[in-house]
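> make a model of this:
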Amino acid sequence: MTRLPLAAALAALLAPAAWAHDYGFAGVLSNTNSGEMPGLLLAVGQPISDGPITLESGKMYELEIEADGSGELALEGAGFFRAIWINEVVINGLEVRPFGLESVEFDEAGEMEIEFLAIKPGRYELKIPGSTGESQRVEITIQ
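Alright, predicted model coming up:
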């Protein structure tokens, strides 16, 4: 007869209602593990960024890219995109969870947000393909 109360107590502990706590994300996805990152602007003849960007390995960031529609512009940076883990890309409210990226392109005005975890320390760049001007690229360092 002692097995029945023990089995009932164990079932109560293992019931889904016992797991109904909302503790939120832990570790790298927690709200306390995020850093700030300046946005980037894609516009013909305008600098992409005000200067170099420094990130911390192991922190989550949200990169906001805005295109003004003045031209069909892209950003490439395979080295940078391979040094991060991409959680999601948000375009016009639609969330995409890609395995990886090499570049992004804007055919018209719009905004894109890339939420990612900085992983591999090093110096990387995002640039407009085919451009040679210093203002048409941004250096990103992951420490």
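
> nearest spatial neighbour of residue 117, skipping sequence neighbours?
Nearest in space to residue 117, with sequence neighbours left out and distances taken as CB to CB, 6 or more residues apart in numbering, is residue 85 at 4.4 Å. Heads up, the C-betas are built off the backbone N, CA and C, glycines and all.

> from the chain's centre, how far out does the helix or strand hosting the one you found sit?
Assessed by DSSP states H and E, residue 85 sits inside strand 84-91. Here strand 84-91 is found 4 Å from its chain centre; the criterion is CA atoms, centre = their mean, to the nearest Å.

> got it, and stretch 65-85?
For stretch 65-85, the distance to the chain centre is 12 Å (CA atoms, centre = their mean).

> go on, stretch 125-143?
18 Å.

> what are the buried residues along it?
Buried residues in stretch 125-143, counted by 16 or more other CB atoms under 10 Å: 125-128, 136-140, 142.

> what mean pLDDT does it have?
Across stretch 125-143, pLDDT averages out at 93.

> quick one on the thing from earlier: and the buried residues of stretch 125-143, which of them are in strands?
125-127, 137-140, 142 (DSSP state E).

> which one of the residues you listed is nearest residue 75?
residue 126 (4.9 Å; CB to CB).

> measure the closest one to residue 110 for me?
Residue 126 sits 17 Å away from residue 110, taking CB to CB, to the nearest Å as the criterion.

> just for this structure, where's the confidence low?
Within the chain, the stretches with pLDDT under 70 are 1-32.

> strands of that one, start to end?
Under DSSP E, the chain gives strands at 40-42, 53-55, 60-67, 73-76, 84-91, 94-96, 103-106, 110-118, 122-127, 137-142.
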